[in-house]
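> would you be able to build a 3D model of this:
(2 chains)
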There are 2 protein chains.
Amino acid sequence: MTVSALPAAAPAHVPTALRLARSAATLSTSAGTAADCDQWLAECSERLAAEVEPVPLDELAGWHRRPDTGDLVHESGRFFSVEGLSVERPGAAVDRWCQPVINQPETGILGLLMTEIDGVAHFLMQAKMEPGNHNGVQLSPTVQATRSNYTGAHRGRPVPYVEYFRDAARHMVLADVRQSEQGAWFFRKRNRNMVVEVREPVAVRDGFRWMTLGQIHRLLALDDVVNMDSRTVLSCLPLEGPGLDQGAPAGPDAFRTALLRSCGAGADEGAHTMSSVLHWISDARSTAELRSRIVPLNQAEGWHTEGGRISHESGLFFDVRGVRVRGRGREVDQWTQPLVAAGGTGVIAFLTRSVDGVLHVLVQAKDEPGHNDTVELAPTVQCNPRNYAVLPPAARPAFLDEVLAAGPERVRFDAVLSEEGGRFHHTRNRYLVVEADDDQGEPPGFRWVTLRQLTALLRHSYYLGVEARSLVACLRSLLVVPR
Amino acid sequence: MTVSALPAAAPAHVPTALRLARSAATLSTSAGTAADCDQWLAECSERLAAEVEPVPLDELAGWHRRPDTGDLVHESGRFFSVEGLSVERPGAAVDRWCQPVINQPETGILGLLMTEIDGVAHFLMQAKMEPGNHNGVQLSPTVQATRSNYTGAHRGRPVPYVEYFRDAARHMVLADVRQSEQGAWFFRKRNRNMVVEVREPVAVRDGFRWMTLGQIHRLLALDDVVNMDSRTVLSCLPLEGPGLDQGAPAGPDAFRTALLRSCGAGADEGAHTMSSVLHWISDARSTAELRSRIVPLNQAEGWHTEGGRISHESGLFFDVRGVRVRGRGREVDQWTQPLVAAGGTGVIAFLTRSVDGVLHVLVQAKDEPGHNDTVELAPTVQCNPRNYAVLPPAARPAFLDEVLAAGPERVRFDAVLSEEGGRFHHTRNRYLVVEADDDQGEPPGFRWVTLRQLTALLRHSYYLGVEARSLVACLRSLLVVPR
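Next up is the predicted model:
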């Protein structure tokens, strides 16, 4: 027995944040240009395209409803199941409801490989078809796999590159943290978000490509290109600390200057100290009254199976439907599966303001029924406006109207992005970063925090929900203007 | 709406770690001497003494077994219940079992008030009788209350000082973090560990006393004086960083020098970087196969109700029994309740070694059925030796024999301390800190970490189990020799 050797130090001892900033500033290396990336993605989209057609739930192969509970389960007992969730939230505008929920107890891996090419950090991205993507192929991280996937429970092809993450200690681990996913639709889901740097040659397989952070950020500004799994892994990058602004161009851009300062060492403490932020979260978690428990799906009041789907009697919220996929370039070539489909386009937005020249974003402490620890931090606005038609006016989200009415001069980021196409059918949200007035305060349940504070929280599980993590990745894409 | 004002800065801008070290070095102030503390505690023990007598479970007032499940519940539906837990741990020496478990979904408060007297930090300690304490009264933090307690569900007296913690943002919050408790007996219990500094006069009520950290540490070395709740809250103090060694005496004590360095700013990275430690924990959590679920207590195989207790057929592990309490100085004067009683004395030990002059402790990633997130860090040894008589030899804990055989020159801390007397009956563990050889390696599942790394993890939930937290408090009591 000996103490394990430390991983080798970073190349030339350049701080990681600076290496990431350099990568964000770079659009062209010997691995390719931005135009090459576009062309490659277009080719992959063509080649990996799949036919996805609706199938009634009762015709899904390998899936059935359990006679005793009505739960929708796979015959292997693995993957995931759709069960019922009974939720109570005493005192809230909607104080109790039932709903279907995805139960997926396994911890999957969302893994991103990094390596240096021409002295610039590159990330191994994958062009991946998912049945729920309305446009088929999107950009995913190197590995995006459930435990059933990579341990072979689905009898498909092995998951490429998964060995770098299952045996990551041999390499340099930049991030490894279990995070939740949509608390509105998953019951205590956890995925492992990993970024691993390799110093050895890696064979680039068909459908994969090394990209700089600048190339990825450029694609992130487009609708429906960079998928949810990529966004959440990117948010876990340690993009913070001294040296970061060395990658920034000179110029009188007050927003970007404040954003860079927000990631810098001076932003450990912002409008609130870190102790105060942790106290606020702890308090919200300790006093949240939300209680949820799994119940048989056939006990979920208001939800019915009709026309091969499970829907709410109002026609709103979401439904559970089946699809048949005939694809290429995936672990198996044909399969059927259920998906959750939310209608309409949701709104996910950060309001920002400057406090003493440092950019702050307004986060809310949001309780959701499927969260692992009751409350996680959400963006200023996180909702599907369509659903509020049938809910009491008191349920209408704060700041929604302000964000939707913002003039273009205040909108710093605006793209419609897809949620995970392996579970969600055409489920899209408009991601926005909107500047507020510098005297915008914080109502109860909201706090102004710096990006550096969020990055510190992102080293640990369950502080930021997946929507906030996605939006952190979007906001960071504005840090550096690529050359 | 305005951004909340920041709390006032610390007095005279002295770093908190230094103020804590000063307090640890101080045995006498105008608030009293160590002898005064002893005398006060003796008087309180006398005055607050209670009669505690065994009562069969079926004679507990307000408690009954649910006819359908056999669960032991309170008529109010609050406090806690004793239910069944079914556990599977594929591949382990013991790969499945059932057991009773305490289910207490509420988040309680363990709160410690701090103030400066004569420029020295003092903590408001309480002499508190708990029915499970074999010696009646022990030293507890300022507040030790379930939510049912402080919201009045038990129709007792109000909980003194709880307002400082429920409205803590008015003061200076040094720590506020939800932590688990014994994963062997509680199902996903969470208590809020809080340290709040006040700058206003606080009336000292009967049964309470301001003590320096030095006075508390002195009592911590005695058997069964400082209770579990005090120990876990003390562990969450930010006793780390630059300036700490200013409180230390000069002298050629290599152990203490290494211990001080272990808390210092240089110990952010020790034998392993923090990223590597987080990766190791994330990996252990993601690959742990332990699954546990609540089942009706009457389905817990091997457990029987006989003689008014719930016991295992082997007579080992623990039992659930009832007590009647007739006390004074508590929220209510007479009550009955169930308690969990583990027989024998457990062993909870850190092995320590020096790596480059910095003290490291050997922690293990331990899965326990009641943990909130599968795996938490435990001391090198954490077990009840008595139970291994009936278990397979492969189940015998690593390092147990080494710790028990250590010569006195290697033993730096050795005291028998009680677990929470409000839930556990005469349940005691021997807490040890034992020096290992400096070439002691780390077997799979174990890591050498610095105290500074543990202190960083202690800002967040569920990294360190309650046994490790207790032992961190014990180890820190060796940092400074009080004057």
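> count of residues packed around the closest residue to chain B within the stretch 301-450 of chain A?
Chain B sits closest to A:G441 of the stretch 301-450 of chain A, with a gap of 2.8 Å, by C-beta to the nearest C-beta. To be clear about C-beta, it is placed using only N, CA and C from the backbone, and glycine gets the same treatment. Neighbour count for A:G441, taken as other C-beta atoms under 10 Å in any protein chain shown: 14.
> what strand or helix carries it?
Element membership for A:G441, per DSSP states H and E: none, as it lies in no helix or strand.
> can you tell me how far it is from A:P90?
As for A:G441, its distance to A:P90 is 28 Å (criterion: C-beta to C-beta, to the nearest Å).
> pLDDT score assigned to A:V120?
Listed pLDDT for A:V120 reads 97.
> residues in contact with it?
Taking C-beta atoms under 8 Å, 6 or more residues apart in numbering or on different chains, we find A:V120 in contact with A:R22, A:S23, A:T26, A:T29, A:T212.
> Provide the secondary structure category for the second one.
With DSSP: H, G, I helix; E, B strand; the rest coil as the basis, the three-state label of A:S23 is helix.
> verify the stated contact: it with A:H217.
No: counting by C-beta atoms under 8 Å, A:S23 stays clear of A:H217, with 9.5 Å between them.
> between those two, point out the one with more neighbours.
A:S23 (29 against 25).
> just the pLDDT for the more buried one.
Looking at A:S23, the pLDDT reads 95.
> which ones are touching it?
A:V120, A:A121, A:H122, A:F123, A:T212, A:L213, A:G214.
> now do it against chain B, distance only.
Using C-beta to the nearest C-beta, to the nearest Å, one gets 19 Å for the distance from A:S23 to chain B.
> related to what we said a few turns ago, quick one: which of the contacts of A:V120 is nearest chain B?
When the contacts of A:V120 are compared against chain B (criterion: C-beta to the nearest C-beta), the nearest one is A:S23, at 18.5 Å.
> quick one: the closest one and A:T16, what's the gap?
Distance from A:S23 to A:T16, by C-beta to C-beta: 10 Å.
> try A:M194
Distance of A:M194 to A:T16, computed by C-beta to C-beta: 15 Å.
> out of the two, which sits in the more crowded spot?
Comparing A:M194 with A:T16 by other C-beta under 10 Å, the one with more neighbours is A:M194, at 29 against 21.
> Three-state assignment for the closest residue to that one other than its chain neighbours, please.
Once flanking residues are discounted, A:M194 sits nearest to A:G111: 4.4 Å by C-beta to C-beta, 6 or more residues apart in numbering or on different chains. For A:G111, the secondary structure call by three-state DSSP comes out as strand.
> how near is A:G111 to A:W210?
In terms of C-beta to C-beta, A:G111 sits 15 Å off from A:W210.
> looking at the two, which is more packed in?
Just comparing A:G111 and A:W210: by other C-beta under 10 Å the higher neighbour count belongs to A:G111, 28 against 21.
> the more buried one is in contact with A:V159, isn't it?
No: A:G111 is beyond contact range of A:V159, at 9.6 Å (criterion: C-beta under 8 Å).
> joint contacts of the two?
A:V143.
> other residues contacting stretch A:390-402?
Residues outside stretch A:390-402 that contact it (C-beta under 8 Å, 6+ apart): A:93-94, A:314, A:316, A:347, A:349, A:351, A:362, A:364, A:380-383, A:385, A:388, A:434, A:436, A:443, A:446.
> kindly format the C-alpha coordinates of that stretch as CSV.
Taking Å, rounded to 0.1, in the frame of the first residue of the first chain, the C-alpha atoms of stretch A:390-402 are listed here in CSV:
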residue,chain,number,x,y,z
VAL,A,390,-55.2,27.4,-15.8
LEU,A,391,-53.3,28.3,-12.6
PRO,A,392,-54.3,31.0,-10.1
PRO,A,393,-52.8,34.5,-10.8
ALA,A,394,-50.7,34.3,-7.6
ALA,A,395,-48.8,31.4,-9.3
ARG,A,396,-47.6,33.7,-12.1
PRO,A,397,-43.8,33.8,-11.9
ALA,A,398,-42.0,37.0,-10.7
PHE,A,399,-40.0,38.8,-13.4
LEU,A,400,-41.6,36.8,-16.3
ASP,A,401,-43.3,39.8,-17.8
GLU,A,402,-40.2,42.0,-17.3
